[in-house]
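Enquirer: Please find the sequence and the predicted model below.
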Amino acid sequence: MAKNDNKTAVKVREILEGPINTLGYDVWDVEFLKEGSEWFLRITIDSENGIDINDCEKVHRFIDPLLDEADPIENAYHLEVSSPGLERNIRTREHFLKSVGEKVEIKLFAPKNGAKQFVGILDTDENADKIFISVNGEKLEFARSDISRANTVFDFE
(Lines give C-alpha, C1' and ligand atoms only; values in the text may rest on other atoms or scores of the structure.)
Protein backbone atom coordinates (compact mmCIF):
# COMPACT_ATOMS: atom_id res chain seq x y z
CA MET A 1 0.00 0.00 0.00
CA ALA A 2 1.23 3.49 -0.85
CA LYS A 3 2.10 5.93 1.89
CA ASN A 4 0.90 9.47 1.16
CA ASP A 5 2.71 12.58 2.42
CA ASN A 6 0.00 15.27 2.14
CA LYS A 7 2.09 17.95 3.87
CA THR A 8 4.77 17.78 1.19
CA ALA A 9 2.15 17.66 -1.58
CA VAL A 10 0.55 20.87 -0.26
CA LYS A 11 3.95 22.59 -0.09
CA VAL A 12 4.82 21.54 -3.66
CA ARG A 13 1.43 22.70 -4.93
CA GLU A 14 1.98 26.13 -3.36
CA ILE A 15 5.32 26.40 -5.17
CA LEU A 16 4.19 25.12 -8.58
CA GLU A 17 0.55 26.09 -9.09
CA GLY A 18 1.20 29.70 -10.15
CA PRO A 19 4.04 28.87 -12.56
CA ILE A 20 2.04 26.00 -14.11
CA ASN A 21 -0.96 28.34 -14.52
CA THR A 22 1.26 30.79 -16.46
CA LEU A 23 1.81 28.02 -19.03
CA GLY A 24 -1.98 27.75 -19.51
CA TYR A 25 -2.57 24.63 -17.43
CA ASP A 26 -4.49 23.93 -14.22
CA VAL A 27 -3.12 21.75 -11.44
CA TRP A 28 -5.71 19.01 -10.92
CA ASP A 29 -3.79 17.22 -8.18
CA VAL A 30 -0.43 16.85 -6.45
CA GLU A 31 0.50 13.67 -4.61
CA PHE A 32 3.70 12.66 -2.88
CA LEU A 33 3.59 8.91 -2.38
CA LYS A 34 5.89 6.14 -1.24
CA GLU A 35 5.38 2.95 -3.19
CA GLY A 36 7.62 0.17 -2.00
CA SER A 37 10.97 1.81 -1.33
CA GLU A 38 10.51 4.59 -3.91
CA TRP A 39 8.98 8.08 -3.53
CA PHE A 40 6.91 9.60 -6.36
CA LEU A 41 5.89 13.21 -6.84
CA ARG A 42 2.84 13.10 -9.12
CA ILE A 43 1.63 16.34 -10.64
CA THR A 44 -1.66 16.01 -12.52
CA ILE A 45 -2.45 18.83 -14.94
CA ASP A 46 -5.54 19.74 -16.92
CA SER A 47 -6.70 22.33 -19.45
CA GLU A 48 -9.87 23.19 -21.35
CA ASN A 49 -8.25 21.71 -24.47
CA GLY A 50 -7.29 18.45 -22.76
CA ILE A 51 -3.80 17.15 -22.10
CA ASP A 52 -1.48 15.11 -24.28
CA ILE A 53 2.03 13.74 -23.82
CA ASN A 54 3.59 16.94 -25.20
CA ASP A 55 1.82 19.00 -22.52
CA CYS A 56 3.10 16.66 -19.81
CA GLU A 57 6.64 16.84 -21.15
CA LYS A 58 6.49 20.66 -21.41
CA VAL A 59 5.33 21.02 -17.79
CA HIS A 60 7.85 18.44 -16.55
CA ARG A 61 10.75 20.32 -18.16
CA PHE A 62 9.42 23.63 -16.83
CA ILE A 63 8.92 22.58 -13.20
CA ASP A 64 12.00 20.37 -12.76
CA PRO A 65 14.40 23.33 -12.27
CA LEU A 66 11.82 25.11 -10.08
CA LEU A 67 11.72 22.11 -7.77
CA ASP A 68 15.52 21.90 -7.73
CA GLU A 69 15.74 25.58 -6.77
CA ALA A 70 13.01 25.50 -4.08
CA ASP A 71 14.20 22.10 -2.81
CA PRO A 72 10.99 21.29 -0.86
CA ILE A 73 11.67 17.54 -0.66
CA GLU A 74 14.52 16.07 1.38
CA ASN A 75 14.66 12.55 -0.03
CA ALA A 76 15.07 11.27 -3.58
CA TYR A 77 11.91 10.93 -5.67
CA HIS A 78 10.63 10.37 -9.19
CA LEU A 79 8.78 13.27 -10.81
CA GLU A 80 5.74 12.34 -12.89
CA VAL A 81 3.48 14.76 -14.77
CA SER A 82 0.25 13.38 -16.19
CA SER A 83 -3.30 14.05 -17.29
CA PRO A 84 -6.19 13.26 -14.94
CA GLY A 85 -7.54 11.01 -17.70
CA LEU A 86 -11.08 10.37 -18.86
CA GLU A 87 -12.03 8.67 -15.61
CA ARG A 88 -10.38 11.06 -13.22
CA ASN A 89 -10.17 10.66 -9.47
CA ILE A 90 -12.32 13.06 -7.50
CA ARG A 91 -10.68 13.66 -4.11
CA THR A 92 -10.96 17.30 -3.13
CA ARG A 93 -13.73 19.84 -2.66
CA GLU A 94 -12.62 21.53 -5.89
CA HIS A 95 -12.74 18.23 -7.79
CA PHE A 96 -16.35 17.64 -6.71
CA LEU A 97 -17.35 21.19 -7.66
CA LYS A 98 -15.67 20.93 -11.08
CA SER A 99 -17.35 17.57 -11.76
CA VAL A 100 -20.96 18.64 -11.14
CA GLY A 101 -23.19 17.33 -13.92
CA GLU A 102 -20.82 14.52 -14.86
CA LYS A 103 -21.45 10.80 -14.56
CA VAL A 104 -19.54 9.50 -11.55
CA GLU A 105 -18.98 6.35 -9.55
CA ILE A 106 -18.68 6.60 -5.81
CA LYS A 107 -17.66 3.92 -3.35
CA LEU A 108 -18.55 4.21 0.31
CA PHE A 109 -16.76 3.11 3.46
CA ALA A 110 -20.02 1.56 4.75
CA PRO A 111 -23.16 0.42 2.90
CA LYS A 112 -26.10 2.75 2.32
CA ASN A 113 -29.42 1.33 1.15
CA GLY A 114 -27.65 -2.05 1.03
CA ALA A 115 -24.92 -0.96 -1.38
CA LYS A 116 -21.39 0.45 -1.18
CA GLN A 117 -21.14 1.57 -4.81
CA PHE A 118 -23.29 3.98 -6.83
CA VAL A 119 -23.13 5.37 -10.37
CA GLY A 120 -25.07 8.46 -11.38
CA ILE A 121 -24.97 12.15 -12.19
CA LEU A 122 -23.09 14.26 -9.64
CA ASP A 123 -24.42 17.30 -7.83
CA THR A 124 -23.25 18.88 -4.58
CA ASP A 125 -23.90 21.73 -2.19
CA GLU A 126 -21.81 24.90 -2.49
CA ASN A 127 -19.21 23.61 0.01
CA ALA A 128 -19.12 20.08 -1.44
CA ASP A 129 -19.85 18.69 2.02
CA LYS A 130 -22.96 16.91 0.78
CA ILE A 131 -22.75 14.91 -2.41
CA PHE A 132 -25.82 14.06 -4.44
CA ILE A 133 -25.98 11.34 -7.06
CA SER A 134 -29.00 11.05 -9.38
CA VAL A 135 -29.55 7.37 -10.10
CA ASN A 136 -32.51 6.44 -12.33
CA GLY A 137 -34.37 9.62 -11.39
CA GLU A 138 -33.74 9.19 -7.64
CA LYS A 139 -31.48 11.71 -5.89
CA LEU A 140 -29.29 10.05 -3.24
CA GLU A 141 -27.40 12.09 -0.63
CA PHE A 142 -24.02 11.27 0.87
CA ALA A 143 -21.66 13.05 3.22
CA ARG A 144 -18.31 13.55 1.49
CA SER A 145 -16.64 11.98 4.53
CA ASP A 146 -18.56 8.74 3.82
CA ILE A 147 -17.00 8.37 0.36
CA SER A 148 -13.91 6.19 0.15
CA ARG A 149 -13.35 6.75 -3.59
CA ALA A 150 -14.97 8.74 -6.38
CA ASN A 151 -14.19 9.09 -10.06
CA THR A 152 -15.81 10.27 -13.25
CA VAL A 153 -17.17 7.60 -15.56
CA PHE A 154 -16.64 7.78 -19.31
CA ASP A 155 -19.13 5.96 -21.54
CA PHE A 156 -17.19 4.46 -24.43
CA GLU A 157 -20.37 3.79 -26.44
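Expert: That came in fine, so what should we check first?

Enquirer: now the helices for this protein?
Expert: Assignment of helices within the chain using DSSP state H yields the ranges 6-22, 53-70, 93-98.

Enquirer: so which of those helices comes closest to residue 40?
Expert: When the helices of the chain are compared by C-beta to C-beta, helix 6-22 sits nearest residue 40, at 10.9 Å. Backbone N, C-alpha and C define where each C-beta goes, glycine included.

Enquirer: pLDDT on the closest one, on average?
Expert: Averaged over helix 6-22, pLDDT sits at 95.

Enquirer: which residues touch it?
Expert: 26-27, 30-32, 41, 43, 45, 59, 62-63, 66-67, 70, 72-73 (C-beta atoms under 8 Å, 6 or more residues apart in numbering).

Enquirer: can you give me the strands in the protein?
Expert: Using DSSP state E, the strands of the chain run over 3-4, 26-35, 38-46, 78-82, 103-112, 115-124, 130-135, 138-143, 147-152.

Enquirer: what's the angle from the fifth one to strand 115-124?
Expert: Put plainly, it is strand 103-112. Taking axes from the mean of the first three to the mean of the last three C-alpha atoms, to 10 degrees, one finds strand 103-112 and strand 115-124 inclined to each other by 130 degrees.

Enquirer: which residues sit against strand 103-112?
Expert: 90, 115-122, 131, 133, 140, 142, 146-155.

Enquirer: Just put the strands of the chain in a markdown table and tack on distance to residue 19 and mean neighbour count.
Expert: Compiled in a markdown table, these are given as follows (distance: least, C-beta to C-beta, whole Å; neighbours: other C-beta atoms under 10 Å):
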| stretch | distance to residue 19 | mean neighbour count |
| --- | --- | --- |
| strand 3-4 | 23 | 11 |
| strand 26-35 | 10 | 18 |
| strand 38-46 | 11 | 19 |
| strand 78-82 | 13 | 16 |
| strand 103-112 | 30 | 15 |
| strand 115-124 | 30 | 16 |
| strand 130-135 | 32 | 17 |
| strand 138-143 | 35 | 12 |
| strand 147-152 | 27 | 17 |
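
Enquirer: Noted, bye for now.
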